[in-house]
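Chemist: below is the structure, and that's it, no one-letter string:
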């Protein structure tokens, strides 16, 4: 069950980071940070509970983290630039 929750949170996080990038708002940015934290928390729980495939899991987690973090940082930069232009 926790694996399903983890996957749903991760996929939602990717979708939300993409939406926030194209239509940036501070609320979407904060929500994106929350989903990133939730994905990392559930992934850590899974790694501690089922450590059999730790290398594969960690590599996938790092790829996810790089993609979502890049989108979130780009969204943050876009928001800052938009506020400077006001």
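Modeler: Yes, it's here. If you're wondering where the values come from, they're calculated on a predicted model, not measured in any experiment.

Chemist: quick check: longest helix of the protein.
Modeler: The single longest helix within the chain, with elements called by DSSP state H, is helix 54-85.

Chemist: what's the helix or strand for the residue nearest the centre of the chain?
Modeler: Nearest to the mean C-alpha position of the chain, by CA atoms, centre = their mean, lies residue 36 at 3.3 Å. In this assignment (DSSP states H and E), residue 36 forms part of helix 26-49.

Chemist: for that helix, packing partners?
Modeler: In terms of contacts (3 or more CB pairs under 8 Å, 6 or more residues apart in numbering; DSSP states H and E), helix 26-49 is packed against helix 2-22, helix 54-85. In short, each C-beta sits where N, CA and C put it, glycine included.

Chemist: helices or strands up against the first one?
Modeler: The contact analysis (3+ CB pairs under 8 Å, 6+ apart) places helix 2-22 against helix 26-49, helix 54-85.

Chemist: what sits up against the first one?
Modeler: Defining contact as CB atoms under 8 Å, 6 or more residues apart in numbering, one finds that helix 26-49 is touched by 2-3, 5-6, 9-10, 12-13, 16-17, 19-20, 54, 57-58, 61, 64-65, 68-69, 71-72, 75-76, 79.

Chemist: if we use 7 Å, what do you get?
Modeler: Counting contacts by CB atoms under 7 Å, 6 or more residues apart in numbering, the residues outside helix 26-49 that touch it are 2-3, 5-6, 9-10, 12-13, 16-17, 19-20, 54, 57, 61, 64, 68, 72, 75-76, 79.

Chemist: and those, which are buried?
Modeler: Among the contacts of helix 26-49, those classed as buried by 16 or more other CB atoms under 10 Å are 6, 9-10, 13, 16-17, 19-20, 61, 64, 68, 72, 75-76, 79.

Chemist: distance of the nearest residue to residue 13 once chain neighbours are set aside relative to residue 6?
Modeler: With sequence-adjacent residues excluded and distances taken as CB to CB, 6 or more residues apart in numbering, residue 13 is closest to residue 35, at 3.7 Å. Between residue 35 and residue 6 the computed distance is 11 Å (CB to CB, to the nearest Å).
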